[in-house]
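Trainee: structure, please.
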Amino acid sequence: MKNIGFIGTGIMGASMAGHLIEAGYTLSVYNRTKAKAEGLIAKGAKWCATPGECAKGQDIVITMVGYPKDVEEVYLGANGIVDNAATGAYIIDMTTSSPVLAEKIATIATQKGLHAVDAPVTGGDTGARNATLTILVGGEKGAFDALQPIFKTMGKNIAYMGTAGAGQKTKMCNQIAIAGALSGACEAFTYAKASGLDVQKVYDAISTGMGGSIQMTGVVSKALKGNFAPGFMLKHFIKDMNISSTTSKDYQVSLPVLDLVLKEAKTLEDKGLGTEGTQTLLKYYTKK
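Mentor: Have a look, this model is predicted:
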């Protein structure tokens with residue numbers, strides 16, 4: 001399986017697709033904004049005008065797009081992947097999307113003779129650039145096994161979570177945990193500043209202890225230095241939290257911390273900060 005169609009070449013997708021080219025795979029690419037695919041085209045990727053064209057004749061089709069509505073459009077829409085992929089092809093959605101949609105796509109794909117896998121990732125732009133992503137996979141176990149060389153080109157921790165939708169459900173668990181850790185770190189340093197402490201000294205003292213976290217050292221630390229550039233955009237985190245909150249009601253569980261952080265993040269997005277990194281949540285507390 002050497003021929004791959006890759007759809008979605010943004011911050012994450014461009015790096016992931018680049019690793020596949022470097023590993024010797026033949027890539028065709030599609031993105032709504034062609035300029036974001038120019039770097040891959042320069043490396044030898046073939047440009048396609050539509051998702052359907054990108055899927056035709058490929059052994060594997062990978063998607064890394066924005067929102068569930070984008071996933072549904074590229075897979076099930078007019079001139080989409082499902083209607084154009086060759087029988088027996090593997091279709092892998094690596095977008096963080098709805099578990100319900102992942103199950104729907106898998107059902108339709110199976111009827112068309114395709115192998116559908118949901119494989120959302122965590123690790124941010126750094127993980128994408130360094131090929132160290134964690135990849136959370138749902139779908140047929142046989143498909144997971146067959147796709148190991150592909151996954152290993154883009155990530156390090158590759159976990160099979162169960163049937164269709166299980167990858168997306170696991171990613172929601174990850175995002176729920178991030179919400180608490182991110183807001184906790186923001187609150188800690190807001191308290192430090194308000195109480196008259198030297199914030200950097202507080203960071204140095206607690207970041208390596210039991211209160212430390214990857215969100216503190218890898219994300220909020222940027223905000224403390226005035227860096228709000230996105231490794232992961234706030235608007236995309238809001239999308240993930242929305243999915244988590246909505247599906248939690250289907251599963252009859254209460255997520256009060258997640259719902260509170262989601263409300264705070266939406267307040268910032270309404271102020272035009274959605275394209276900043278998730279560390280911009282600190283602004284909610286410091287400007288309150």
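
Trainee: residue 266 sits in which helix or strand?
Mentor: According to DSSP states H and E, residue 266 maps onto helix 256-270.

Trainee: how far does that helix sit from the chain's center?
Mentor: 19 Å (Cα atoms, centre = their mean, to the nearest Å).

Trainee: need the contact partners of the helix or strand that that helix is followed by.
Mentor: With elements assigned by DSSP H and E, the helix or strand that comes after helix 256-270 is helix 281-286. Residues from elsewhere that reach helix 281-286 (Cβ atoms under 8 Å, 6 or more residues apart in numbering): 182-183, 186-187, 189-190, 193, 220, 223-224, 228, 234, 261, 264-265, 267-268, 273. For the C-beta atoms, the positions are set from N, CA and C on the backbone; glycine is no exception.

Trainee: okay, now the residue nearest to residue 257 when sequence neighbours are not counted: neighbour count?
Mentor: Leaving aside its chain neighbours, residue 257 sits nearest to residue 180 (5.0 Å; criterion: Cβ to Cβ, 6 or more residues apart in numbering). A count of nearby residues for residue 180, using other Cβ atoms under 10 Å, gives 16.

Trainee: cool, the one 5 residues further on as well?
Mentor: Here the count is done by other Cβ under 10 Å, and residue 185 has 28 residues near it.

Trainee: kindly write the PyMOL command that selects the buried subset of the contacts of helix 281-286.
Mentor: Only the buried entries of those go into this PyMOL selection, using 16 or more other Cβ atoms under 10 Å:
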select buried, resi 182+183+186+189+190+220+223+224+228+234+261+264+265+268+273
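
Trainee: wait, is residue 183 part of a helix?
Mentor: Yes: Residue 183 forms part of a helix when assessed by DSSP: H, G, I helix; E, B strand; the rest coil.

Trainee: name the nearest residue to the residue nearest the centre of the chain, ignoring sequence neighbours.
Mentor: Nearest residue to the geometric centre of the chain (Cα atoms, centre = their mean): residue 96, 4.5 Å. Residue nearest to residue 96 in three dimensions, not counting chain neighbours: residue 120, with 4.5 Å by Cβ to Cβ, 6+ apart.

Trainee: repeat for residue 46
Mentor: Nearest residue to residue 46, sequence neighbours excluded (Cβ to Cβ, 6+ apart): residue 28, at 4.4 Å.

Trainee: likewise for residue 168?
Mentor: In space, residue 168 is closest to residue 99, 4.1 Å off (Cβ to Cβ, 6+ apart).

Trainee: list the contacts for that neighbour?
Mentor: 118, 138, 165-166, 168-169, 172, 243, 247.

Trainee: with residue 149 instead?
Mentor: Applying Cβ under 8 Å, 6+ apart to residue 149 gives no contacts.

Trainee: what's the answer for residue 64, then?
Mentor: Contact analysis of residue 64 by Cβ under 8 Å, 6+ apart lists 6-10, 12-13, 16, 94-95.
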